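Chemist: Return a 3D structure for these sequence lines:
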Amino acid sequence: MVPIEQTLTVFSVDDSEIVYKSIKTLLLETKNILWAGHALSLHDACLQIDKKNPNVVILDIQLREESGFEFLKYLSKNHPAIVVIMFSNLSSMPYREKAMELGAKYFLDKSTEFEKIPEILTELINNMPPVHRFRLSI
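Modeler: Residues are numbered from 1 along each chain as shown. The predicted structure is shown next:
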């Protein structure tokens with residue numbers, strides 16, 4: 001028998017199609033990450049996250065006329081086990097502090113810290129409790 005590798009399911013919420021495609025490409029290339037999907041709006045994000053129940057959500061602060069902070073409050077209340085990575089160009093200290101107060105575990109600047117996403121996800125995988133399931137090796 002072979003141990004099943006730990007995996008994280010990751011979902012992203014951002015209204016930029018360029019950012020969405022970049023995140024998707026990065027996650028599909030990252031070992032032990034399952035891409036759960038993406039939402040361009042908070043309404044769609046609520047519906048998909050309730051169905052897919054990801055381990056991690058990568059969330060922008062500014063979404064057209066919606067607030068990522070409001071969605072962060074929703075996630076903290078309704079899905080407290082989900083790890084939220086705020087990912088925004090609005091990265092000054094007041095935004096970072098507010099995100100952490102509302103329950104984000106990480107905050108990354110889109111323009112300078114994009115490459116840290118796989119590193120954070122790997123850290124999360126490494127800190128997961130061990131899997132007690134096995135699959136048969138044939």
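Chemist: Give me the below-cutoff pLDDT ranges for this structure.
Modeler: 1-4, 130-138 (pLDDT under 70).
Chemist: Show me where it has its strands.
Modeler: 2-3, 8-13, 33-39, 56-59, 62-63, 66-67, 83-88, 106-109, 134-135 (DSSP state E).
Chemist: Contact partners for the residue most central in space within the chain?
Modeler: Geometric centre of the chain, nearest residue: Val57, 2.4 Å, by Cα atoms, centre = their mean. The neighbours of Val57, taking Cβ atoms under 8 Å, 6 or more residues apart in numbering as the test, are Val10, Phe11, Ser12, Val13, Ala45, Ile49, Leu75, Ile82, Val83, Val84, Ile85. Backbone N, C-alpha and C define where each C-beta goes, glycine included.
Chemist: Could you identify which of the strands of the chain is most buried?
Modeler: A comparison of the strands of the chain by mean neighbour count, using mean count of other Cβ atoms under 10 Å, puts strand 56-59 on top with a mean of 25.
Chemist: and that strand, which strands flank it?
Modeler: strand 8-13 (parallel), strand 83-88 (parallel) (DSSP bridges).
Chemist: Show me which pair in the contacts of Val57 is furthest apart.
Modeler: Farthest apart among the contacts of Val57 by Cβ to Cβ are Ala45 and Val83. That separation is 15.3 Å.
Chemist: how far away is the residue nearest to Lys98 when sequence neighbours are not counted from Tyr95?
Modeler: Excluding the flanking residues, the one nearest Lys98 by Cβ to Cβ, 6 or more residues apart in numbering is Phe69, at 6.4 Å. Phe69 sits at a distance of 9 Å from Tyr95 (criterion: Cβ to Cβ, to the nearest Å).
Chemist: same check, this time on Ser67
Modeler: 11 Å.
Chemist: shared neighbours of these two, which are they?
Modeler: Ile61.
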